[in-house]
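Asks: model this:
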Amino acid sequence: FDRLRGRVGLRNVAQADGPAALLTGVAPTVVGYGLEGACKFGVYEALKPASAPLLASLGLGADQSAAAGPVAAAVVAGGLASLVLAPAEATRIRMVSEPSYASLGLLGAASRLYEAEGTHAHAIHTHTHTHSHRSPTRTALAL
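Replies: Purely as a prediction, here's the structure:
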């Protein structure tokens, strides 16, 4: 049943907004997750060698530092990667929920979102905006 409903949703979006509407939000998704992955793995690999000695200098034993070092590097890398991803996700969500943003493309939509709401929109309102403004025909695009 859910599978059929997904097909109906896609068909409804294609009929209402045209087949190109099915690709709305693809650019920020690809760019955002590409940058997020590059940041996550790059920062992790850069921090991993220094994390154990840093933890040892803060008083952890050698075994504890060796075990906790990669975990600490992963936590920092994941946090930074999330900060990189947030603006792209906020842009994607706005593009799929508001047609006036969809027509601007990735850079235009991101610029307009930043001008309208500043950095606060990217960090805080990403999730609250998504659920309050999504039109029924665009819901299938965000899934």
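
Asks: Name the spans of the chain whose pLDDT lies under the cut-off.
Replies: By pLDDT under 70, the low-scoring segments of the chain are 1-6, 120-143.

Asks: can you do 80?
Replies: 1-10, 13, 17, 20-25, 119-143 (pLDDT under 80).

Asks: which residues touch residue 54?
Replies: Residues near residue 54 by CB atoms under 8 Å, 6 or more residues apart in numbering: residue 69. (C-beta placed from N, C-alpha, C; glycine too.)

Asks: ok, 10 Å please
Replies: 47, 60, 65, 69, 72, 73 (CB atoms under 10 Å, 6 or more residues apart in numbering).

Asks: mind listing which of the residues you listed are in helices?
Replies: Mapping the contacts of residue 54 onto helices (DSSP state H) picks out 47, 65, 69, 72, 73.

Asks: Am I right that the third one is in contact with residue 50?
Replies: Yes: taking contacts as CB atoms under 10 Å, residue 69 lies within contact range of residue 50: 8.3 Å.

Asks: So for those two, which residue has more residues nearby?
Replies: Between residue 69 and residue 50, residue 69 has the larger neighbour count (other CB atoms under 10 Å), namely 21 against 11.

Asks: In contact with the more buried one, which residues are there?
Replies: Residue 69 neighbours (CB under 10 Å, 6+ apart): 47, 48, 49, 50, 51, 52, 53, 54, 55, 56, 60.

Asks: Could you rerun that using 7 Å?
Replies: 48, 51, 52, 55 (CB atoms under 7 Å, 6 or more residues apart in numbering).

Asks: residues near the third one, how many?
Replies: For residue 52, the neighbour count with other CB under 10 Å is 20.

Asks: I appreciate the help and will end here.
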